[in-house]
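A.B. asks: following is a predicted model, sequence given first.
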Amino acid sequence: MTTESLLLSTSAILFAIGVGGVLYRRNPISLLMSIEVMLNAANLLIVLGARVHGAATGQAVALIVLVVAAAEAVVGLAIALALFRDRERADIDEPSEVHG
């Protein structure tokens, strides 16, 4: 196996794990972690594409995606903590005060 095909298959496996976590988990923390795994798989593909084409902009784009993913995680965790502070169970389908 070449390095590119190994990185491509690793990225596909990571993305599949992230999709599985988003579809089957109901905990907001694990949902955010699954989204982070999917974004890291996309970063791996971006860096691989930049390496194959010889462009140096791939690392810059991947860094921007990492910064946006970190900001998304901070905002998502803050919302999850605010919603589930007084609850004994954290389920993303449960809160009804989010409507309207």
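C.D. replies: Happy to help now that I have it.
A.B. asks: ok, which stretches of the protein are strands?
C.D. replies: Read by DSSP state E, the chain holds no strands at all.
A.B. asks: what residue is smack in the middle of it?
C.D. replies: Nearest to the centroid of the C-alpha atoms of the chain, with distances taken as Cα atoms, centre = their mean, sits Glu36, at 2.0 Å.
A.B. asks: tell me how far that residue lies from Gly76.
C.D. replies: The span separating Glu36 from Gly76 equals 10 Å under the rule Cβ to Cβ, to the nearest Å. Every residue, glycine included, has its C-beta placed from N, CA and C.
A.B. asks: do the same with Met33
C.D. replies: From Met33 over to Gly76 the distance is 10 Å, taken as Cβ to Cβ.
A.B. asks: show me where pLDDT drops low in this protein?
C.D. replies: Across the chain, the ranges flagged by pLDDT under 70 are 86-100.
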